[in-house]
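Q: following is a predicted model, sequence given first.
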Amino acid sequence: MGKPVRALAIVAVAALGIAACGGGSDDESSGSGGGETLVISSDLPLQGASADSSTDTNNLIKIYLESIGNKAGDYKIEFKPYDNSTAAKGSWDDATCTANAQKHVQEENEVAVMGEFNSGCSKLQAPVLNQAPNGPMLQVSHASTNPGLTKAWEEGEPEMYAPSGKKNFARVVTTDDVQGTAAAAFAAETLKVKKCYVLNDNQTYGQGIAQSFEDAAKAEGIEIIANEAYDEKAPNYTALFQKIKATNPDCLYVGGIYDLNGGQLLKDKVAVLGDNATIPMMTPDGWTGYPPLDKQPEAEGLYATFAGLATEELEKQGGAAADLLEKFEAEYGFAPRTSYALYGVAGVQVIVKAIEASDGTKKGVRDAVFEGEGIKIPAEESATGKEIVIDPATGDTTAKDISVLQHKDGVQAFLQAQEVS
């Protein structure tokens, strides 16, 4: 996995010499009042299975910005969503992520990016934003959980994402090594798993989280039969699951994102291996926040981990989270269709705080996060109801919350918080 990741980063850096085209959205909300206008963008997949989740995240961000008068200190804030997906692919796209990165750095008044949802896209954009004129340019993700973005993981990581020598990537959720450990502990302690088959979608995120689960599961005494990539373009997976059935597993773990033919994979799993009461299927956060998944009858009983606390748990805490959710439901008539929406707001809160402490330049906004003591959002202000602390040495958050969810009656419901030491 090290060499492909390095190749992606090199492509992204090389893209600095390519003219930008396409990708940005005309959907924006402008601030009012005096002062210079600065742009905060989001960079999410707005087409395919992630469309509902990403749209709700953008809409909740708009509600938050309106609640603070679309201002950060003396600066007016304009919010500009970008789409990093294509209709043809139905998910995030390498070329579109790279093209978007070019637009971010070329937009004079754009000072920070909230994104991305997918780690692979973050790995393409980070080195481009890192070399932005008058930068580096701050990037805060609410969902990119691959460890290599901020810590030693694969060969050359995380240095390859900060070629300037100064970090610019931060996130408000924990990493996949933590998520994988939590999933393995749940499998061993709660599900009493002894023998598990692991599949991955052959992408950066899927490979990484599958490997994290495998390593932690072995430490828990679980036998890992195999860790195998599946073909996202396969018309069906009947033969694959017949092969898996012959190994007699008592668990299936799938690392990856639901966008990549997850519906067919789940359908064939249940048809061949049985439902999730017979052989539990576990997935990471790449299988959360998808209305099409919720509608699948085969999803009943499916377990998923989420790198944070589920929306219903955050709402129970009251405060900023409950207030934002109330405003969202009043505006749209339903709750956000992803637990990542509130974390998207948390990412924007970090950016707003950085703008307030900056001189309004790309470099100044980045430095507010990575120089000195970094950024802290008090619990009473935080969209997550917990203090948000970004470590300036790494860009990681100090929070290590992991939720275990389970599909019940068409809803991906919170089951328990999983402790991680």
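A: Looks like it came in fine. This structure is a prediction, so every number in the text was calculated from the model and none was measured. Numbers count the residues shown, from 1 in each chain.
Q: where does the chain have low pLDDT?
A: Residues of the chain that meet the criterion pLDDT under 70 lie in 1-34, 421.
Q: what about Ile77, how many residues nearby?
A: Other residues within reach of Ile77, judged by other Cβ atoms under 10 Å, total 24. C-beta coordinates here come from the backbone N, C-alpha and C atoms, glycine included.
Q: which strand or helix spans it?
A: Here Ile77 is covered by strand 75-83, with elements defined by DSSP states H and E.
Q: just how off-centre is that strand within its chain?
A: Taking the mean of its C-alpha atoms, strand 75-83 sits 19 Å from the chain's own mean (Cα atoms, centre = their mean, to the nearest Å).
Q: pull out the buried residues from stretch 86-96.
A: Along stretch 86-96, these residues count as buried under the neighbour rule (16 or more other Cβ atoms under 10 Å): 86, 89-96.
Q: how about the helices of the stretch 301-421 of the chain, start to end?
A: Under the criterion DSSP state H, counting those that start in this stretch, helices of the stretch 301-421 of the chain are mapped to 311-316, 319-332, 340-356, 362-370.
Q: please report how far the residue most central in space within the chain lies from Gly344.
A: Centrality entry for the chain: nearest residue to the mean C-alpha point is Ala143, 1.7 Å, by Cα atoms, centre = their mean. Using Cβ to Cβ, to the nearest Å, one obtains 8 Å as the distance from Ala143 to Gly344.
Q: before we move on, back to that, the strand holding Ile77 packs against which elements?
A: Helices and strands touching strand 75-83, as assessed by 3 or more Cβ pairs under 8 Å, 6 or more residues apart in numbering; DSSP states H and E, comprise strand 37-44, helix 51-67, helix 94-106, helix 340-356.
Q: most packed of the ones you listed?
A: Burial of the helices and strands packed on strand 75-83 is given as mean neighbour count (mean count of other Cβ atoms under 10 Å); helix 340-356 ranks first at a mean of 27.
Q: any idea how far it is from the middle of the chain?
A: 14 Å.
Q: okay, the angle between that helix and strand 75-83?
A: 140 degrees (axes from the mean of the first three to the mean of the last three Cα atoms, to 10 degrees).
Q: will you turn the helices and strands packed on strand 75-83 into a markdown table that also has distance to Gly73?
A: A markdown table is the format used below for these (distance: least, Cβ to Cβ, whole Å):
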| stretch | distance to Gly73 |
| --- | --- |
| strand 37-44 | 10 |
| helix 51-67 | 14 |
| helix 94-106 | 21 |
| helix 340-356 | 4 |
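Q: out of those, flag the one nearest Glu232.
A: Set against Glu232 and scored by Cβ to Cβ, the helices and strands packed on strand 75-83 come closest in helix 94-106, at 13.9 Å.
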